[in-house]
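Participant: Sequence and predicted structure are below.
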Amino acid sequence: MTYENMENSLDRGGPITLYEFAIGTDEKPFRYTDSDKREFHEGVPWEKIPIQRGKIENSGSLTKVKFEITVPKNLEIVRLYAAYPPSDVVYVRVLEGHYDDRDRQFLTVAAGRLLNVKIEQGRAILLCEPATTSIRRPGLRRNWQRGCPLQLYGPACRAVRVDEECEVRSFDQNTIFVSAPAGGFLPGIDAYANGILQWVNQDTARREVRSLLDGVAEDDGFRLRVAGPVFHVPETVFVTKGCSHTEEACLLWHNNVLNYGGQRWIPYKNPVGNLSVYF
């Protein structure tokens with residue numbers, strides 16, 4: 001019997017809900033169910049836990065479209081948010097089926113991403129956003145400006161990204177002291193401001209990513225200030241150059257000035273007046 005027949009039946013319906021949380025492209029997502037026993041679907045098990053989904057609300061504003069999932073506060077997906085959110089997007093998928101459906105047909109009733117977690121009255125509430133919200137959200141406008149508006153290492157930027165491996169000397173909550181990579185920090189430590197620091201968390205075996213704010217040369221290494229906490233760092237990390245989105249940085253830091261996205265020929269003085277209001 002199909003899902004639709006079971007759903008429309010007056011006495012045979014027995015809803016089962018499946019919940020899947022996938023971190024980025026992780027091949028081993030967390031799978032749970034509100035069934036009274038472990039369920040098998042798509043060839044994999046879904047573990048039974050106390051879990052419940054609220055209604056999907058839509059007040060007419062994209063900023064208020066959301067749904068919530070309530071789970072025990074000691075769940076592994078909750079612990080990932082204890083110190084700092086995961087570096088990759090956490091995708092959510094909710095499926096519904098019925099106990100007595102011999103065909104085991106489950107349909108997706110909600111899909112999106114997990115935004116945040118809050119602890120309330122001894123339980124955890126997962127705040128989720130439907131996928132349709134990001135699809136319908138308008139994109140950024142590209143202005144006529146001197147500075148480059150392109151996403152660094154994006155398809156329009158075309159700068160070559162190089163992740164340089166560095167040895168970790170020490171670290172604390174928001175800084176990390178590293179040695180220079182084999183090729184050296186060229187064209188200088190300033191090029192790594194607004195860059196990327198990444199490593200593999202030794203406890204979770206997951207990738208951690210942080211933005212670099214700035215750096216200072218010290219002795220035979222460099223102390224980098226990081227946006228976000230630094231913890232469980234292995235012996236080596238990878239550092240990627242940033243960009244100040246100026247023509248000079250594009251030329252000297254990335255040798256990519258031919259793809260510079262800013263309008264460098266905008267005059268500093270307005271040719272039709274004394275006040276420049278457009279740069």
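Facilitator: Great, that's in hand. Just so it is clear, the structure is predicted and the values come from calculations on it, not from any experiment.
Participant: Show the contacting residues for residue 214.
Facilitator: Applying C-beta atoms under 8 Å, 6 or more residues apart in numbering to residue 214 gives the contacts 190, 193, 224-225. No exception for glycine: its C-beta is placed from N, CA and C like everyone else's.
Participant: Oh, that last question was meant for residue 96, not what I typed.
Facilitator: Applying C-beta under 8 Å, 6+ apart to residue 96 gives the contacts 3, 15-18, 106-107, 109.
Participant: Low-confidence bits of this structure, can you list those?
Facilitator: By pLDDT under 70, the weakly predicted segments of the chain are 1-13, 56-65, 101, 133-140, 182-189, 270, 273-279.
Participant: Show me the helices in it, by range?
Facilitator: Here the chain has its helices, by DSSP state H, at 3-8, 76-79, 131-136, 247-252.
Participant: what comes up buried for the last one?
Facilitator: It refers to helix 247-252. Neighbour counts over helix 247-252 (16 or more other C-beta atoms under 10 Å) mark 249-250 as buried.
Participant: residues near residue 178, how many?
Facilitator: For residue 178, the neighbour count with other C-beta atoms under 10 Å is 24.
Participant: Buried members of the contacts of residue 96 into ChimeraX, please.
Facilitator: Selection of buried members from the contacts of residue 96 for ChimeraX, criterion 16+ other C-beta under 10 Å:
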select :3,16,17,18,106
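Participant: Let me have the contacts of residue 96 in TSV, extended by distance to residue 167.
Facilitator: Below are those laid out as TSV (distance: C-beta to C-beta, whole Å):
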residue	distance to residue 167
3	55
15	54
16	51
17	48
18	44
106	49
107	51
109	49
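Participant: before we move on, back to that, mark which of the contacts of residue 214 are part of strands, please.
Facilitator: 224-225 (DSSP state E).
Participant: List only those of the contacts of residue 214 flagged as buried.
Facilitator: By neighbour count, with 16+ other C-beta under 10 Å, the contacts of residue 214 hold 190, 193, 224 as buried.
Participant: Which member of these is positioned nearest residue 153?
Facilitator: Closest approach to residue 153 among those (C-beta to C-beta): residue 193, at 15.4 Å.
Participant: and the closest one, what does it touch?
Facilitator: 212-215, 242, 244.
Participant: repeat that with 6 Å
Facilitator: Taking C-beta atoms under 6 Å, 6 or more residues apart in numbering, we find residue 193 in contact with 214, 242.
Participant: Next: residue 116.
Facilitator: Counting by C-beta under 6 Å, 6+ apart, residue 116 touches residue 127.
Participant: Beta-bridge partners for it, please?
Facilitator: residue 127 (DSSP bridges).
Participant: how near is it to residue 131?
Facilitator: 17 Å (C-beta to C-beta, to the nearest Å).
Participant: Likewise for residue 42?
Facilitator: As judged by C-beta to C-beta, residue 42 and residue 131 stand 19 Å apart.
Participant: Of these two, give the one with the bigger neighbour count.
Facilitator: Regarding residue 42 and residue 131, a neighbour count based on other C-beta under 10 Å identifies residue 131 as having more, with 15 against 11.
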